[in-house]
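# structure for this input, please:
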Amino acid sequence: MENLVKDPYFTSGLWKITSKPEEVRISSDRVQTPIGVKDSLKIESFGWGEWRLVYGEKLQVKPRETYRLNVRMMLNLEDRKASVVLEPQVLDENGEKVKVTKKKWVGDSGEPFFVEDLGSWRGGVIGATGKWGWRYMTGGFM
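Coordinates of the predicted model:
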């Protein structure tokens with residue numbers, strides 16, 4: 001299922017819903033937005049299904065550059081187990097996650113181990129849970 005949402009709150013970009021269970025509603029919300037912001041995206045979930053929203057445009061990045069992910073969000077999560085995570089992902093030109101490899105990586109000095117595959121690049125992860133009004137959050141990656 002593919003659903004594109006165009007929203008000026010997200011710098012006029014396209015957001016693609018890549019997985020959305022039936023109990024999730026995504027709509028444009030002009031009522032509960034911060035002052036000075038035209039519109040925001042409202043996501044309502046009435047169950048425990050996982051959902052994913054992906055920004056449709058790729059940002060070109062270069063080595064040794066630093067980026068900042070700035071987010072305004074308001075939460076009203078009813079249960080302690082509920083959470084929201086925003087995560088930029090480093091992808092190659094084919095859209096696959098970029099693997100981190102190093103010929104000889106030594107782990108913890110107390111318990112040394114050697115690995116080559118360190119997983120995928122991550123950074124700028126913003127996670128939140130609970131109930132609170134509009135907050136401005138920042139995550140960085142390079």
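
# could you list the low-pLDDT ranges of the chain?
Counting by pLDDT under 70, the low-confidence segments of the chain come to 1-21, 29-31, 38-39, 55-57, 102, 104-118, 142.

# how about the strands in it?
Along the chain, the stretches classed as strands by DSSP state E are 4-7, 13-19, 24-29, 40-45, 52-55, 67-76, 84-86, 99-106, 114-120, 126-128, 131-141.

# so in that sheet, which strands flank the third one, and in what orientation?
In this case it means strand 24-29. Strand partners for strand 24-29, identified by DSSP bridges, are recorded as strand 40-45 (antiparallel).

# what's near enough to touch the nearest residue to residue 82 once chain neighbours are set aside?
In this structure, residue 82 finds its nearest non-sequential neighbour in residue 129, 6.4 Å apart by CB to CB, 6 or more residues apart in numbering. The way it works is simple: take the backbone N, C-alpha and C, and place the C-beta from them, glycine included. Contacts here follow CB atoms under 8 Å, 6 or more residues apart in numbering; on that basis residue 129 touches 75, 77, 80, 82-84.

# same list, the residues you listed, but as JSON lines with distance to residue 92 and neighbour count please.
JSON lines is the format used below for the contacts of residue 129 (distance: CB to CB, whole Å; neighbours: other CB atoms under 10 Å):
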{"residue": "75", "distance to residue 92": "33", "neighbour count": "15"}
{"residue": "77", "distance to residue 92": "34", "neighbour count": "15"}
{"residue": "80", "distance to residue 92": "37", "neighbour count": "8"}
{"residue": "82", "distance to residue 92": "33", "neighbour count": "13"}
{"residue": "83", "distance to residue 92": "28", "neighbour count": "12"}
{"residue": "84", "distance to residue 92": "27", "neighbour count": "15"}
